[in-house]
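Asks: this one's structure only:
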């Protein structure tokens, strides 16, 4: 009797275990589909996109924006063919995540400044696209601590691109700030984009041809859409959205 009772008791337990296992499999499958074909989460490790994105921000990137290729999937065993499914081009001003295989397996995030065929030049610190200077409006002087723990001073501007996209930029003016105030005239080749960080004096980007240079369309991963949450070390004494040391103002922000 005891053996029969034990067997009867074990049957529901086995059934519950199988149900739990099936649920876990379904969750894993949906997660893989979501991260492969829909959205992926990325973290911001450096200050090159300040003030738009801060170190410690977690963002969602849409892979739907520019289509799919081998660089869109979280892992590629080398069997994904070249080309892009549902291909689409970024617009000027998009904040884009991309990869550069020749620089390792890291992902990068910058803003699209120049499109194929454009000319881009920095003259006396001002951005020129196709010979026209991008207008900008001074907002304020900023003192901040960068991701290396070094105190910086910058001027914050709102810059407007030729298609009307407005975004904030930092232009550092502390001692020793690296400056790329005057560049050659860049001509963006077909199938490539000219990328820049919003932290103009703290970004290694397309202005450095020996480092990043122009970014090929095939290396685009997706468009940065939303800041989901942040581990940014905000200042409780200065930021009204930082009541307990957590930057609540950076939760679920649309990236523009």
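Replies: Perfect, thanks for sending it. This one's a predicted model, so the numbers in the text were calculated from it and none came from an experiment. Numbering: from 1, shown residues only.
Asks: quick one, strands of the stretch 1-150 of the chain?
Replies: With DSSP state E, counting those that start in this stretch as the criterion, the stretch 1-150 of the chain has strands at 39-43, 57-62, 95-99, 107-114, 119-123, 126-129, 132-133, 136-145.
Asks: how distant is stretch 39-59 from the center of its chain?
Replies: For stretch 39-59, the distance between its averaged C-alpha position and the chain's averaged C-alpha position is 6 Å (C-alpha atoms, centre = their mean, to the nearest Å).
Asks: mind checking the end-to-end distance for it?
Replies: Length of stretch 39-59, first residue to last, C-alpha to C-alpha, to the nearest Å: 10 Å.
Asks: try stretch 142-152
Replies: The first residue of stretch 142-152 is 8 Å away from its last residue (C-alpha to C-alpha).
Asks: Just the residues contacting it, thanks.
Replies: The contact list for stretch 142-152, computed with C-beta atoms under 8 Å, 6 or more residues apart in numbering, reads 45-47, 50-51, 55, 153-156, 170, 172, 174, 177, 202. For the C-beta atoms, the positions are set from N, CA and C on the backbone; glycine is no exception.
Asks: that older thread, the strands of the stretch 1-150 of the chain: which one's closest to residue 197?
Replies: Ranking the strands of the stretch 1-150 of the chain by distance to residue 197, with C-beta to C-beta as the measure, places strand 107-114 first at 5.5 Å.
Asks: Do me a favour and average the pLDDT over the closest one.
Replies: Per-region confidence: strand 107-114 scores 97 on mean pLDDT.
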